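In: Dropping a prediction and its sequence here:
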Amino acid sequence: MADTIRTTCPYCGVGCGVVAQSGDDGWSVRGDPDHPANFGRLCVKGAALAETIGLEGRLLHPEWGGKPVAWDAALDMVADKFSAAVAEHGPDSVAFYVSGQLLTEDYYVANKLMKGFIGSGNIDTNSRLCMSSTVAGHVRAFGSDTVPGCYEDIEQADLVVLVGSNAAWCHPVIFQRLLAEKTRRPELRIVVVDPRRTATAECADLHLALRPGSDAILFNGLLAHLKGEEAEVECGVPLDQIVTFFSWFAETEKTVTLWSQGINQSSSGTDKVDAIINCHLQTGRIGRPGMGPFSLTGQPNAMGGREVGGLANMLAAHMGFDEASIDRVGRFWDSPRVATKPGLKAVDLFKAVKDGRIKALWVMATNPAVSLPEADLVRDAMAACDFVVLSDCEADTDSARLAHLRLPALAWGEKDGTVTNSERRISRQRPFLAPPGEAKPDWWIMSQVARRMGFGAAFAYESAADIFAEHCRLTAFENGGSRDLDLGGLIGVDYEALAPIQWPVRRPGEGTARMFGNGRFYHPDGKARMIAVEPRRPAAVADEALPLILNTGRSRDQWHTMTRTGRSPRLAAHAPEPVLSIHPADAIRFGLTDNGLARLGGRRASAVLRVALDAGLRRGEVFAPIHWTDRTASGAVVGMLIDAAVDPYSGQPELKHAPVMVEPY
Ligand code: SF4
């Protein structure tokens, strides 16, 4: 194996290029100076990657009931259990719950097996928790799930508006690029719309600390202002700040609006997304340099999953469940039983597990027992399911403890495939470490199960390159410019040498930085749609028993449930334990002291966290990180405190607005 490998960071959706290099002290990493996402930059998480590639805590052999079992027996068992459930109860009695950590090739095989050959739509992904409201908002507005712009637009803009995005912590390299441009051009304005005074808000020219959930009111008011009307805007911020924001937006043609989980993780997230897009459509600020609505995806390959159909409501290759698409995909896969309707979205999927409708569940590379809302009920569901198989690289996750069968998957540095970042850029993840123990690629595990279920001819892959080639062919199959996702120009490409490129790639070597610059969208008439948005309040409100509102999110130096970042002492030093941020006046009101302990309680569960006073929070609101689990010493699973209210269009849960109480612990 070469001693210098170009690959891609496995954390956030920025998708930074990484150079891994072997030396006397083992492997080290640095930013890839030639990668167009980061031009050599890495954030603290990416820079610590080499500290996280050891084998401690890895699942290295298939295990049944905690005991090693041979691969053949394990694969036979999965195939038998899934086949038996389908034979007895029908295809909708089984489900896959997958992950934005999977590579596109893994995702493709999972989707093809479930939707193409088992014949059910029941494959959903943890990306449902991350950006599915953006997908729904894009489809309503554009007729396709298309991110219009690229990272360069952020640097070319004269006004950058960040809504519900703490990019300084969650998309650090993009934020570094923005700040570098701000240093070069101080006249570039930054507006941050966020209830909290985050690290991102600290750098803003204007911070609108609006009342949680009132984003759609703000952007509806902005839309009226852009049309020359004036509307009453009641977001809990001073009127002069609103007026300043509206006038800056109205007078600045080169405006990019970035958003993230603060918009998406809401019971009205799709409407909020469209309220933002409306303002860009009204002003024609889309698809042109320095302009556009721009969603930052959370995970490294949430976009790749969207592309292959990893969401239950998409069929494959950005096609939905319309008759023509079902027929087209069925012919392409040579499958007589393509799913004909969307499957269950994440929250509903686990409800179906809980009430016994799902008899066999396969969880891949994710930890729903921590990350889903009502995580306590998710645990009950998994514990009650007839058969749960989990494929992961980690041996001891909260979800792994609930699985009957555990299958060892390759990790970052060992896996081979592609990911797509927030700007539609496909990059290679390349292996530089030998597969440890008996760990296998996810695509290999699923293909082996598919063969045992009798679908061998359709899953005769020998490599990730085979799968990528088929994925490209499907995107181009009977496309003719009718669908946004077209990788026809990558058919036959040298997979090993594939350089980062933005889709669509209709001709070899020709990526696409911006979409919609020609004014044509993907609705049948070629026009975009402005969506009438009626702002709605969050599903749950504070009351006497639960008088505070809990907002959740990331710490700067941790990732998801810390299975990887938790191994780096350097990263742990930033926040060694979960912290409850609370306004000093609320701390006094509830008898809490800085650095003391607090019990944070929801309707069904509670967690204990260290108290940190933070005057950057609004009164009545608290903030807690999502990363800690009850495997860790701290054991603060905030997912158990959050009700599973979801957006009616996207199914994305409202993870940022949960009524809670606090008391000294
Ligand atoms: Fe990795 Fe995201 Fe940091 Fe880039 S910004 S190094 S992709 S975590």
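Out: Yes, it's here. Only a predicted model underlies this, so the values are computations on that prediction, with no experimental measurement involved. Numbering: from 1, shown residues only.

In: Kindly state the domain boundaries assigned to this protein.
Out: 4-52, 63-130+301-502, 132-295, 548-664 (automatic domain parsing).

In: List the residues that contact the residue nearest to residue 16 when sequence neighbours are not counted.
Out: Nearest in space to residue 16, with sequence neighbours left out and distances taken as C-beta to C-beta, 6 or more residues apart in numbering, is residue 38 at 3.8 Å. To be clear about C-beta, it is placed using only N, CA and C from the backbone, and glycine gets the same treatment. Residues counted as contacts of residue 38 (C-beta atoms under 8 Å, 6 or more residues apart in numbering) are 14, 16, 17, 31, 32, 173.

In: Okay, the fifth one and residue 493: tell me how far apart.
Out: Spelled out, that is residue 32. Distance, residue 32 to residue 493, using C-beta to C-beta, to the nearest Å: 19 Å.

In: Looking at these two now, which is surrounded by more residues?
Out: For residue 32 versus residue 493, the count of surrounding residues by other C-beta atoms under 10 Å is larger for residue 32: 24 against 19.

In: Flag every residue of this protein that's near the ligand.
Out: Contact residues, the chain versus the ligand (C-beta under 6 Å from any ligand atom): 9, 11-12, 14-16, 38, 42-43, 45-46, 171-173.

In: Go ahead and report the secondary structure state at the residue of the stretch 151-300 of the chain found nearest the ligand.
Out: Of all residues in the stretch 151-300 of the chain, residue 173 sits closest to the ligand, at 3.7 Å by C-beta to the nearest ligand atom. Assigned by DSSP: H, G, I helix; E, B strand; the rest coil, the conformation of residue 173 is helix.

In: Go through stretch 182-191 and flag the buried ones.
Out: 182, 188, 189, 190, 191 (16 or more other C-beta atoms under 10 Å).

In: Any chance of JSON lines for these, columns secondary structure?
Out: Listed next are these as JSON lines, based on three-state DSSP:
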{"residue": "182", "secondary structure": "helix"}
{"residue": "188", "secondary structure": "coil"}
{"residue": "189", "secondary structure": "strand"}
{"residue": "190", "secondary structure": "strand"}
{"residue": "191", "secondary structure": "strand"}
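
In: tell me the strands in the stretch 301-450 of the chain, going along the chain?
Out: 360-364, 387-392, 405-408, 417-420, 425-429 (DSSP state E, counting those that start in this stretch).

In: right, so those strands: which one is the most enclosed?
Out: strand 417-420 (a mean of 28; mean count of other C-beta atoms under 10 Å).

In: now for that one, which elements pack on it?
Out: The helices and strands touching strand 417-420, judged by 3 or more C-beta pairs under 8 Å, 6 or more residues apart in numbering; DSSP states H and E, are helix 104-111, helix 302-308, strand 425-429, helix 464-476.

In: at 10 Å what do you get?
Out: Under the contact criterion of 3 or more C-beta pairs under 10 Å, 6 or more residues apart in numbering; DSSP states H and E, strand 417-420 touches strand 4-8, helix 104-111, helix 302-308, strand 425-429, helix 464-476.

In: Could you measure from the closest residue to the ligand within the chain over to residue 30?
Out: As assessed by C-beta to the nearest ligand atom, the ligand sits closest to residue 46 within the chain, at 2.4 Å. Residue 46 sits 9 Å away from residue 30, going by C-beta to C-beta.

In: Those two - which one has more neighbours?
Out: residue 46 (23 against 16).

In: need the contact list for that one.
Out: The contact partners of residue 46, by C-beta atoms under 10 Å, 6 or more residues apart in numbering, come to 8-12, 14, 16-18, 29-31, 38, 172-173.

In: Which of these fall in strands?
Out: 8, 17, 18, 29, 30, 31 (DSSP state E).

In: Out of those residues, who's the most crowded?
Out: Neighbour count (other C-beta under 10 Å) singles out residue 8 as the most crowded of the ones in strands among the contacts of residue 46, with 31 neighbours.

In: Quickly check the contacts of residue 38 for the two that are furthest apart.
Out: The largest separation in the contacts of residue 38, counting by C-beta to C-beta, is between 14 and 32 at 12.5 Å.

In: where do the contact lists of these two overlap?
Out: 8, 38, 41, 42.

In: Could you dump these into JSON lines and include pLDDT?
Out: Below are the shared contacts of residue 14 and residue 32 laid out as JSON lines (pLDDT from 0 to 100):
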{"residue": "8", "pLDDT": "98"}
{"residue": "38", "pLDDT": "98"}
{"residue": "41", "pLDDT": "98"}
{"residue": "42", "pLDDT": "97"}
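
In: now for those residues, which pair is the farthest apart?
Out: Spanning the widest gap among the shared contacts of residue 14 and residue 32 are 8 and 41, at 13.6 Å by C-beta to C-beta.

In: which neighbours do these two share?
Out: Common neighbours of residue 8 and residue 41 (C-beta under 10 Å, 6+ apart) are 14, 16, 17, 32, 35.

In: Can you get me the start-to-end distance on stretch 285-302?
Out: 25 Å (C-alpha to C-alpha, to the nearest Å).

In: Any buried residues in it, and which?
Out: For stretch 285-302, by 16+ other C-beta under 10 Å, it's 285-302.

In: which parts of whichever strand or helix holds the residue of the chain closest to the ligand are buried?
Out: Assigned by DSSP states H and E, residue 46 belongs to helix 44-47. Buried residues in helix 44-47, counted by 16+ other C-beta under 10 Å: 45, 46, 47.

In: Beyond that helix, next helix or strand please.
Out: strand 63-64.

In: so what strands line up beside that following strand?
Out: strand 67-68 (antiparallel), strand 405-408 (antiparallel) (DSSP bridges).

In: Give me the distance from the shortest one to the chain's centre.
Out: Same thing as strand 67-68. 33 Å (C-alpha atoms, centre = their mean, to the nearest Å).
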